[in-house]
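Structural data only, the sequence is not supplied:
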């Protein structure tokens, strides 16, 4: 039995209701527009009918799904603890207990060997809720109070609460409708936080004093430009409270001394079109990462009190082949993250002008700095992983150049990294551009064109998809799959130009790059069209929808998670979260030039009567980023037009949002569902078990 053997099952049918959408003299007919009525019982009934159909079609896989789920979570060390990091006299850690879905946040005073103080046991806090997520934990400078955000709906709308860590008392102060983060002034009583507007845009900064009524909190800043969002944070030096405002291509910062929380913020440098910058403070200077006259960014510095860019002095110049991705500041060292040939390298520059890169011993990997709160140290903490190396934490001595592993993710069971092989290739796209492609497979994988392969992609917002290890993926690799990542344009793997060439009126490069990588894998006999699968989520779900329309013949099956597939309708509705802030990414379809271009690739608008590959589409009813109705409409329209008998499934998690379930293990039930779908299509499902 397989997914193809149940074609007699009655399929869900969404009612068609006439709706015309007209602009620029063009009218689009959208008979499923009504599915955006979240409170309409008919909508809920339809989503539930699709869930029931999915359950029936995959009923023969229920035992296999369960096996995959347990296989995945059994690789995860149940009782585990992170490497403690030091901040303000305490060592902070996160640990997990046997059977616990959620973390326990704790700290130790003065030493890693000191007695543990539990700050939050999230397992206890989560008990009353179907969904529960902690965000934005921050401790007051005197180490007495903890502020934390909690989301119980999965729409990323957090309520900030406060705990007295000396008495374990939860304070009466409760602040609703926030991003979850609270920033402490140095008086240990005043915090700054961000509220969201009805579209969930972070738009206002408020000041709150412990013990006062949150309804009387003072509005400090209102971001009036609807294409910008705002946030607030504290400098690593602890000297400044900083308000940031950002759009896709522009940023601005405001400063306030943390010792003077009732003072007025002042602009660091006013926003400018197409000028992105970020700031770090150390001692008496600011370091500025900026794309001012530097497409791939450069590093500048300026003294306190001279923050306009005319006073900035260059520290690291612009480079055509090197993208400056990040800066971590220490008293005696600078640590830079530089992306070179698609891989992020960690570079250390000391005050004595010595300069070197950290060596990890692999060619393709992911490296980043993490949890570096102390400035008076020669040690930088680094995270590291590759397609065959589990997530690792290192402490690196910047003077002695000694790299010390503090922890590597333990994969429970019979896992040996040497059993797996990774590769990296440069694929020639149809316009001659070289596109990086990363692969991993078990060493007994035979490249004869008959083996299953899953190709993953994202390619938006300048987010780079780096080669990293995920233990759940072993359930595919150990059953004969290869896994590949197409590092397509729209990301930032090969520098800022890589991003610019995959957005706005060049967005189709993202899709054709993915198709060309898929075709190369077939041509080189890594797989065949009857064994090639694709997966992507969110903006990567847009990618899945586009390539499904462009090259349905290439793929046996596609998993499209929380997909952004109704691009024009969403980008024309400024009441939907994220819309106004993303005109610089997709274009504003109120402009006919962008309207016509988006319409030419928008997955929902380009569904036609043809054969489609097998499709599993997932969403969450409370998704705040890609509203549930986009994938629901998408599936309904394909179901009404497709000319094949291939499986088409829509799964809506009725309890969660964009990121799925909140539990450490529970979230992998959806992973198991997706893998069961793929393995069944590939003929690799262990149905006998």
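Here it is on my side, so go on. Just so we're clear, the structure is a prediction, and the values are computed from it rather than from any experiment.

ok, residue 67 touching residue 686?
Yes - assessed by C-beta atoms under 8 Å, residue 67 is found in contact with residue 686 at 6.6 Å. Every C-beta, even on glycine, is put in place using the N, C-alpha and C of the backbone.

Look at the two and report which has more neighbours.
Taking other C-beta atoms under 10 Å, residue 67 and residue 686 do not tie; residue 67 has more neighbours (17 against 14).

Moving C-terminal from the one helix or strand that one maps to, which element do we reach first?
Using DSSP states H and E, residue 67 falls within helix 62-74. As assigned by DSSP H and E, the chain's next helix or strand after helix 62-74 is strand 80-81.

Tell me how far that following strand lies from the chain's centre.
23 Å (C-alpha atoms, centre = their mean, to the nearest Å).

Would you mind listing the outside residues contacting that strand?
Identification of contacts with strand 80-81 by C-beta atoms under 8 Å, 6 or more residues apart in numbering yields 93-96, 410.

are any of the residues you listed buried, and which?
Buried members of the contacts of strand 80-81, scored by 16 or more other C-beta atoms under 10 Å, are 93-96.

Take these and keep only those in strands.
Among the buried ones among the contacts of strand 80-81, DSSP state E puts 93-96 in strands.

Export the residues you listed to JSON lines and append columns for pLDDT and distance to residue 213.
Output for those, formatted as JSON lines (pLDDT from 0 to 100; distance: C-beta to C-beta, whole Å):
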{"residue": "93", "pLDDT": "97", "distance to residue 213": "35"}
{"residue": "94", "pLDDT": "97", "distance to residue 213": "33"}
{"residue": "95", "pLDDT": "96", "distance to residue 213": "36"}
{"residue": "96", "pLDDT": "94", "distance to residue 213": "37"}
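
what does the average pLDDT come to for the helix holding residue 67?
Mean pLDDT, helix 62-74: 95.

what's the closest non-adjacent residue to the residue nearest to the spatial centre of the chain?
The C-alpha lying nearest the average C-alpha coordinate of the chain belongs to residue 463 (C-alpha atoms, centre = their mean; 8.4 Å). Using C-beta to C-beta, 6 or more residues apart in numbering and skipping the chain neighbours, the partner closest in space to residue 463 is residue 491 (5.9 Å).

can I assume that neighbour is in contact with residue 502?
Yes - contact criterion C-beta under 8 Å: residue 491 and residue 502 qualify, at 7.1 Å.

Need the overlap of contacts for those two.
Contacts common to residue 491 and residue 502, judged by C-beta under 8 Å, 6+ apart, are 459-460.

Toward the C-terminus, what is the element adjacent to the lengthiest strand in the chain?
Secondary structure of the chain per DSSP E: the longest strand is strand 169-184. On the C-terminal side of strand 169-184, the closest following helix or strand by DSSP H and E is strand 190-196.

Would you map the strands across the stretch 301-450 of the chain?
Along the stretch 301-450 of the chain, counting by DSSP state E, counting those that start in this stretch, strands occupy 313-316, 322-329, 333-340, 343-350, 355-357, 366-369, 379-385, 392-397, 402-408, 420-428, 434-442.

so which of those strands comes closest to residue 51?
strand 434-442 (32.8 Å; C-beta to C-beta).

And what about residue 511, helix, strand or coil?
helix (DSSP: H, G, I helix; E, B strand; the rest coil).

give me the element the closest residue to it other than its chain neighbours is part of.
With sequence-adjacent residues excluded and distances taken as C-beta to C-beta, 6+ apart, residue 511 is closest to residue 546, at 4.3 Å. Secondary structure from DSSP H and E places residue 546 in helix 539-550.

same thing with residue 264?
Using DSSP H and E, no element contains residue 264; it sits outside every helix and strand.

Could you find the closest non-adjacent residue to it?
Distance criterion C-beta to C-beta, 6+ apart; nearest residue to residue 264, sequence neighbours excluded, is residue 256 at 7.2 Å.

in the stretch 251-400 of the chain, which ranges drop under the pLDDT threshold?
Nowhere does the stretch 251-400 of the chain drop to pLDDT under 70.

Now do the same contact list for the nearest residue to residue 92 once chain neighbours are set aside.
Computed as C-beta to C-beta, 6+ apart, the closest residue to residue 92 that is not its neighbour in sequence is residue 107, at 4.9 Å. Residue 107 makes contact with 90-93, 116-117, 119 under the criterion C-beta under 8 Å, 6+ apart.

Would you agree residue 107 falls within a helix?
No - using three-state DSSP, the assignment for residue 107 is strand, not a helix.

Dig out what it forms beta bridges with.
Counting by DSSP bridges, residue 107 is bridged to residue 92, residue 117.

quick one: pLDDT of it?
We have a pLDDT of 98 for residue 107.

sorry, back to before: as JSON lines, the ones in strands among the buried ones among the contacts of strand 80-81 with distance to residue 132 would be great.
What follows is those, written out as JSON lines (distance: C-beta to C-beta, whole Å):
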{"residue": "93", "distance to residue 132": "20"}
{"residue": "94", "distance to residue 132": "16"}
{"residue": "95", "distance to residue 132": "18"}
{"residue": "96", "distance to residue 132": "15"}
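
OK, contacts around residue 369?
Taking C-beta under 8 Å, 6+ apart, one finds 326, 328, 335, 337, 346, 380-383 in contact with residue 369.

Out of these, which comes closest to residue 44?
residue 383 (41.7 Å).

isn't the residue nearest to the centre of the chain right next to residue 492, touching?
Yes - using C-beta under 8 Å, residue 463 makes contact with residue 492 at a distance of 7.1 Å.

Residue 340 - how many residues pack around it?
By other C-beta under 10 Å, 15 other residues sit near residue 340.

Equivalent analysis for the one 3 residues further on, please.
Burial of residue 343 is recorded as 21 neighbouring residues (other C-beta under 10 Å).

That one reaches residue 368, doesn't it?
No - using C-beta under 8 Å, residue 343 is not in contact with residue 368; the gap is 11.8 Å.
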